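Trainee: For reference, the sequence and a predicted model appear below.
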Amino acid sequence: MDHTIASLDILIIVFYVILTLFIGWWVSRGIDSFEDFAVAGRTFGPFMLAATFGATNFSTWSLVGKPGLVYNAGVSVSWIALNAMACVLAAVVFVPIYRKLRYNTMSEIFEDRYDGRVRGLISVIWILADTLNRYGVTVYAAAVITGLVFGINLNWMIILIAIIVVIYTYLGGLRSVVITDSIQFLFMFAGLFIGGAYIFSQLGGWSGVVNSVPENLTEWVPSAESANGWPWIMAMTLLGFPYFITSQFVMQRGLAAKSVNVARWGLILAAIIAIPIAILEILPGLAAHSILSEELVASLDPDMVGPQVYIELLPVGMLGIFFAALLSAGISTADSALCASSSLFTEDFYRKWNPKKNEGHYLKVSRIATIILAVIGTLWAMIVPLLGGAVDAILNVIAITDMPIFVIVCLAIFWKKMKATAAVISILVGTGSGLLVSILGVGGIQGLAATTATSTLMTLITGVVLSFIIKTTNKHEEKVQKFFEKMGTKEIEE
Amino acid sequence: MDFGSVLILGSVAVFAILLSVGPYLELKGKILFEKQKRAPVLKGRFGMGLMVVSILVFVIGLLLRSVLDASVVTPFVIGGYLLWIVGGVIAVARNELLAFMVSDEEKEALKGDHN
């Protein structure tokens, strides 16, 4: 199939890449400490935060994988993006807590409330998840589509995208990531808006789109017989909680807000913005029923259904904006993952091994870590095709690991009896049991719901039971008291 | 284009403007919502209350799908979802907080205000 696009489209994409790199260089000039790199000196306002939350949530998969999924499953796929409702809980309950404790990385809460073992375990899980899965697989997904469009070899495309991400993340850390995310989010908005407008004009508006697909695909809450039925919706909603509330990958931005109030409003705005995005994301998958023939869809890789709809619909120039949006979506997820991993490594491991260095030294280490982790993640991206179905497996494993961590954070904050040893064991039990359920395929088409429920409940039950069994020590009581005293202190003006 | 399309595209256009102008102003040093001028609210936390009610509506709506038709439960599920966001907006606007987040000094001041 011919996926080639016009010179004007290529020019737009090249302009976008140059703009991204220029911004990376421009904002890097003021970076001189690790705090600048990891939490951007805590300087961001609500709009920039909302844009970066949105850009991180909106990955290449939104434009590439989802349309293929929507083609078969219908509008209920939008619940994936709608799980940004978790941002509201983060804004109301969790961000004020994190901000009062003044953390640089999310993992600090585990040492503050539990001990170094819990923090170390979770940091390792996050670094692996962010580097291999979120960075590596996202770069791979972006490279597959852009490589097809430009006719460039997959590995070269992976390296090209990795170089773009590494350059500006290396230079400016989170500051570059957040500012470029804001620009990228506008490209994504433009891509979605243009694509949506063309689809609506072609099919007679939203009602026309809905009328053009089989009726069973228009159910927002399908029955449990459907793979995207209500148990799946419940699981997707639940998985939003660890993603938006406890992951370093996303919450790093909440820590970088100028004040707690800014972080709260940024998150609320991000939750509201997710609604139109969730609908625009499903449009190409629905429109494919009218715009593409069944034979063509059957001959396509499912990931190409969305891009193919836009190739059919959009004129020269507009297509360039769409593909810049697609590239933006991949890059903005990959940069966040890379920045999160390098910050975690520096704060949680290197600073512990070498505690008495100056901030400039930790900045240098963070930058070196960025390159090393990027190399590892890029190599992973290159072997992803060799792993066959491994991508699904990796995504499932991460879904398994995120829920136990969320449960442990909730118990840390809302239950004073929760013990450190119970936390370590319950994470391992929750993750292990979730993995087992996933491997055994328990739940059939509702496998994700079964896995999520298992990892969540097993972590919760194990943590609670063990905390009752393990004797309370003076050390534990002192630590818990100190933790809650810190949370109950008056807000420091920033 | 019908009303639904205008609503969807219109909201995207509005957000695009907000997210272009907002970050530009922020880069220039103008940060909105920086300070919370309201004292923490511990009594009558309507926003948080609405969030609890809405999440119950959302979850019960989903669970009832096993026995009811999609056309019956969908308004409850979507309604619960939207009310959850409204509750969050109210809670943040009123500075509603969990009790253990508020210092003793602030709690005393709040008691004084109520008296």
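Mentor: Great, that's in hand. Numbering: from 1, shown residues only, chains lettered A, B, ... in the order given.
Trainee: and the residue in chain B positioned nearest to chain A, what does it touch?
Mentor: Nearest to chain A in chain B, going by C-beta to the nearest C-beta, is residue B:22, at a distance of 2.5 Å. All C-beta atoms are positioned from the backbone trio N, CA, C, and that covers glycine. Shown in contact with residue B:22 (C-beta atoms under 8 Å, 6 or more residues apart in numbering or on different chains): A:45-48, A:50-51, B:32.
Trainee: just checking, it is part of a helix?
Mentor: Yes: counting by DSSP: H, G, I helix; E, B strand; the rest coil, residue B:22 is part of a helix.
Trainee: For it, give its distance to residue A:261.
Mentor: 15 Å (C-beta to C-beta, to the nearest Å).
Trainee: same deal with residue B:68?
Mentor: Distance from residue B:68 to residue A:261, by C-beta to C-beta: 41 Å.
Trainee: more crowded one of the two?
Mentor: Neighbours per residue (other C-beta atoms under 10 Å in any protein chain shown) separate residue B:68 from residue A:261, with residue A:261 holding more: 25 against 15.
Trainee: What is the burial count for the residue of chain A found nearest chain B?
Mentor: In chain A, the residue found nearest to chain B is residue A:47; the distance is 2.5 Å by C-beta to the nearest C-beta. By the measure other C-beta under 10 Å, the count of residues near residue A:47 is 26.
Trainee: One more: residue A:241?
Mentor: A total of 23 residues lie near residue A:241 under the criterion other C-beta under 10 Å.
Trainee: List the contacts of residue A:158.
Mentor: Going by C-beta under 8 Å, 6+ apart, residue A:158 touches A:139-140, A:143, A:378, A:381-382.
Trainee: give me phi/psi at it?
Mentor: phi -60, psi -50 (degrees, to the nearest 10).
Trainee: which element is residue A:383 on?
Mentor: Applying DSSP states H and E as the criterion places residue A:383 in helix A:359-383.
Trainee: Distance from the chain centre to that helix, please.
Mentor: Relative to the centre of its chain, helix A:359-383 is centred 19 Å away, using C-alpha atoms, centre = their mean, to the nearest Å.
Trainee: ok, and for that helix, which residues are buried?
Mentor: With burial defined by 16 or more other C-beta atoms under 10 Å in any protein chain shown, the residues of helix A:359-383 counted as buried are A:361-363, A:365-367, A:369-370, A:373-374, A:376-378, A:380-382.
Trainee: Now do the contacts for the residue nearest the centre of chain B.
Mentor: Centroid-nearest residue in chain B: residue B:88, 2.1 Å away (criterion: C-alpha atoms, centre = their mean). Contacts for residue B:88 were tallied using C-beta under 8 Å, 6+ apart; they are A:88-89, A:91-92, A:268, A:271, B:47, B:51.
Trainee: Residue A:249 versus the closest residue to residue A:158 other than its chain neighbours, what's the distance?
Mentor: Residue nearest to residue A:158 in three dimensions, not counting chain neighbours: residue A:143, with 4.4 Å by C-beta to C-beta, 6 or more residues apart in numbering or on different chains. Distance, residue A:143 to residue A:249, by C-beta to C-beta: 20 Å.
Trainee: all helices of the stretch 51-200 of chain A, in order?
Mentor: A:60-63, A:65-73, A:79-82, A:86-89, A:95-101, A:108-113, A:116-128, A:138-150, A:154-203 (DSSP state H, counting those that start in this stretch).
Trainee: surely the residue of chain A closest to chain B meets residue B:16?
Mentor: No: between residue A:47 and residue B:16 there is no contact under C-beta atoms under 8 Å: 11.4 Å.
Trainee: so where is the chain shaky, pLDDT-wise?
Mentor: If you meant another chain, say so; for now it's chain A. For chain A, the stretches flagged by pLDDT under 70 are A:1-4, A:30-31, A:37-41, A:59-61, A:385-399, A:490-494.
Trainee: Switch to chain B, please.
Mentor: Low-confidence segments of chain B (pLDDT under 70): B:112-115.
Trainee: Tell me where it has helices.
Mentor: Assigned by DSSP state H, chain B shows helices spanning B:3-27, B:46-64, B:70-93, B:104-114.
Trainee: Make TSV from the ones you listed and add distance to residue A:326 to it.
Mentor: As requested, those are exported to TSV (distance: least, C-beta to C-beta, whole Å):
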stretch	distance to residue A:326
helix B:3-27	17
helix B:46-64	32
helix B:70-93	28
helix B:104-114	48
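Trainee: rewinding a little: from the contacts of residue B:88, pick the one nearest residue A:74.
Mentor: Among those, residue A:271 lies closest to residue A:74 (C-beta to C-beta), at 23.3 Å.
Trainee: tell me the contacts of the closest one?
Mentor: Residue A:271 sits in contact with A:84-88, A:91, B:85, B:88, where contact means C-beta under 8 Å, 6+ apart.
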